[in-house]
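Participant: kindly generate the corresponding structure for this input.
(4 chains)
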There are 2 protein chains.
Amino acid sequence: MPRMRRRRWKGGLGQAASPRRIYRFVVPCLLLLLHRGPSHGYSLIEELSEFGFGESPIDPSVVYRYLREMEERRLVTSTWQTEGGGGPPRRVYQITPDGDQYLAWWVRDLRETAKVLKRFLAAYEEHMEEDSEHH
Amino acid sequence: MPRMRRRRWKGGLGQAASPRRIYRFVVPCLLLLLHRGPSHGYSLIEELSEFGFGESPIDPSVVYRYLREMEERRLVTSTWQTEGGGGPPRRVYQITPDGDQYLAWWVRDLRETAKVLKRFLAAYEEHMEEDSEHH
DNA sequence: TGCAACTAGTGGTATATTGCATATAGATTA
DNA sequence: TAATCTATATGCAATATACCACTAGTTGCA
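Facilitator: Numbering: from 1, shown residues only, chains lettered A, B, ... in the order given. Have a look, this model is predicted:
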């Protein structure tokens, strides 16, 4: 995969950055990918596009950092894989039971976040309708 | 309203903090409230609970600071209101056309964010179903 | 009179998160 | 052999956010 171009993060201004609008959203994405099966950093970065990190790609350094952090916290374990597909050695990550639990916690939190968002958008639409009635 | 107790913000760990999981989410909330009509800081803080800032209340200083920032950027204007309901003077904010546009931009972005979230949660559920089938 | 709620701030510190630049190195291909 | 792809990092600075402490004045009530 060719080197991805990164977009500068701008708080509220400029272009949309939807997946990045949520704090640490990469973390549950990585955990879900790993729940589906062991994988290594570089491949995870590609797989992340599934969750919207395609349009505004995430910096690889962020991914590698989170993976190391998760390993420290025992959410994942890793082993080096040298032989096999060729290419430089890869660090292959695997999710742990702690990681499973943490993922479940994230899902609960994101469901709440989704509700909050939905409520806001509904309030916006409702207000705008009323507003246009007495234009 | 009695003084609100604040909960400590913890990146990913600990209790949920759903509305705060979204970057600067207070900003569009304030703009929507002001789009419904002029209001002052203290009252806006209370009204924010409508958007989920009730369970994990936001620090008033954050709100006041955003209001000033928005005024600098001409998204809102303010006037002092001394007479009327009594009590100390209030700075009453009103949204500008620029503020309207900015709110609309936010809504577009949040709709994207909502989609991303929905996609993630769907992927989680789908995977978990499959997973439990070959338990 | 004194306290609580109303109202609007400022200042400062600590921590989190991200973005960018850069280093390193094996493998493949032109 | 040079470029490019694969792969994994680290360090640093900019930005964001949270939280705490403090000031300062008004009104109403027990």
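
Participant: quick one: mean pLDDT for the one helix or strand A:Met128 maps to?
Facilitator: A:Met128 belongs to helix A:97-133 when elements are defined using DSSP states H and E. Helix A:97-133 carries an average pLDDT of 93.

Participant: check stretch A:73-86 too.
Facilitator: 88.

Participant: how far does stretch A:26-42 sit from the chain's center?
Facilitator: 9 Å (CA atoms, centre = their mean, to the nearest Å).

Participant: render the CA-only coordinates of it in CSV, please.
Facilitator: The C-alpha coordinates for stretch A:26-42 follow below in CSV (Å, rounded to 0.1, in the frame of the first residue of the first chain):
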residue,chain,number,x,y,z
VAL,A,26,-9.1,3.7,17.1
VAL,A,27,-8.8,1.7,20.3
PRO,A,28,-12.1,-0.1,20.1
CYS,A,29,-11.6,-0.5,16.4
LEU,A,30,-8.3,-2.2,16.9
LEU,A,31,-9.8,-4.4,19.6
LEU,A,32,-12.7,-5.5,17.4
LEU,A,33,-10.3,-6.3,14.5
LEU,A,34,-8.2,-8.4,16.9
HIS,A,35,-11.2,-10.1,18.3
ARG,A,36,-11.8,-11.4,14.8
GLY,A,37,-8.3,-12.9,14.8
PRO,A,38,-4.6,-12.2,15.4
SER,A,39,-3.0,-9.5,13.2
HIS,A,40,-0.1,-7.2,13.0
GLY,A,41,0.1,-3.4,13.1
TYR,A,42,0.6,-2.7,9.4
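
Participant: neighbours around A:Ser18, how many?
Facilitator: By other CB atoms under 10 Å in any protein chain shown, 22 other residues sit near A:Ser18. Where you see a C-beta, it was placed from the backbone N, CA and C, and this is true even at glycine.

Participant: OK, contacts around it?
Facilitator: Contacts for A:Ser18 (CB atoms under 8 Å, 6 or more residues apart in numbering or on different chains) come out as A:Gly52, A:Glu55, A:Ser56, B:Asp109, B:Glu112, B:Thr113, B:Lys115, B:Val116.

Participant: and the residue lying closest to it once chain neighbours are set aside, how far from DNA strand D?
Facilitator: Distances taken as CB to CB, 6 or more residues apart in numbering or on different chains place B:Glu112 nearest to A:Ser18, at 3.7 Å, with adjacent residues excluded. Per CB to the nearest atom of the strand, to the nearest Å, B:Glu112 is found 16 Å from DNA strand D.

Participant: in chain A, which spans are helices?
Facilitator: Taking DSSP state H, the helices of chain A run over residues A:26-36, A:41-47, A:60-72, A:97-133.

Participant: nearest to DNA strand C, out of those?
Facilitator: Comparing the helices of chain A against DNA strand C with CB to the nearest atom of the strand, the closest turns out to be helix A:60-72 (3.7 Å).

Participant: and that closest one, what does it pack against?
Facilitator: Packed against helix A:60-72 by the contact rule (3 or more CB pairs under 8 Å, 6 or more residues apart in numbering or on different chains; DSSP states H and E) you find helix A:26-36, helix A:41-47, strand A:76-81, strand A:90-95.

Participant: would you format these as JSON lines with mean neighbour count and distance to DNA strand D included?
Facilitator: What follows is these, written out as JSON lines (neighbours: other CB atoms under 10 Å in any protein chain shown; distance: least, CB to the nearest atom of the strand, whole Å):
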{"stretch": "helix A:26-36", "mean neighbour count": "22", "distance to DNA strand D": "12"}
{"stretch": "helix A:41-47", "mean neighbour count": "17", "distance to DNA strand D": "3"}
{"stretch": "strand A:76-81", "mean neighbour count": "14", "distance to DNA strand D": "7"}
{"stretch": "strand A:90-95", "mean neighbour count": "19", "distance to DNA strand D": "3"}
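
Participant: thanks a lot, catch you later.
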